[in-house]
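I'll drop the sequence and a predicted model, then ask my questions.
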Amino acid sequence: MKELLRTTELTSIAFAQVLLRGEGIACFEFDVNSSILEGSIGILPRRLMVADCDHLVATAVMRDNNIDLGQ
């Protein structure tokens, strides 16, 4: 798996997941439990991961929808 997106903005993660699933790309959110432990104050980023073979297409989907990947 490769990291596609790392952010503390929950709405960006949710939007990205909807876009990817709409394109048939499976994704998984990492670090959900870590951010719950910190008290939901938003200092620990969550990561959105995709399969290696889907990373190039997923990156294109994010850029087409103006989601900053920070890369």
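Thanks, I have it.

tell me which residues in the strand or helix carrying residue 28 are buried?
Element membership for residue 28, per DSSP states H and E: strand 27-30. Within strand 27-30, the residues that count as buried by 16 or more other Cβ atoms under 10 Å are 27, 29. For every residue, glycine as well, the C-beta is placed using N, CA and C.

Show me what that strand is packed against.
Strand 27-30 is packed against helix 10-22, strand 46-50, with contacts defined by 3 or more Cβ pairs under 8 Å, 6 or more residues apart in numbering; DSSP states H and E.

okay, these, which one's buried deepest?
By mean neighbour count, with neighbours taken as mean count of other Cβ atoms under 10 Å, strand 46-50 ranks first of the helices and strands packed on strand 27-30 at a mean of 20.

Does the helix or strand just after it pack against any helices or strands, and if so which?
Where DSSP H and E defines the elements, the next helix or strand beyond strand 46-50 is helix 55-64. Here helix 55-64 touches strand 2-7, helix 10-22, going by 3+ Cβ pairs under 8 Å, 6+ apart.
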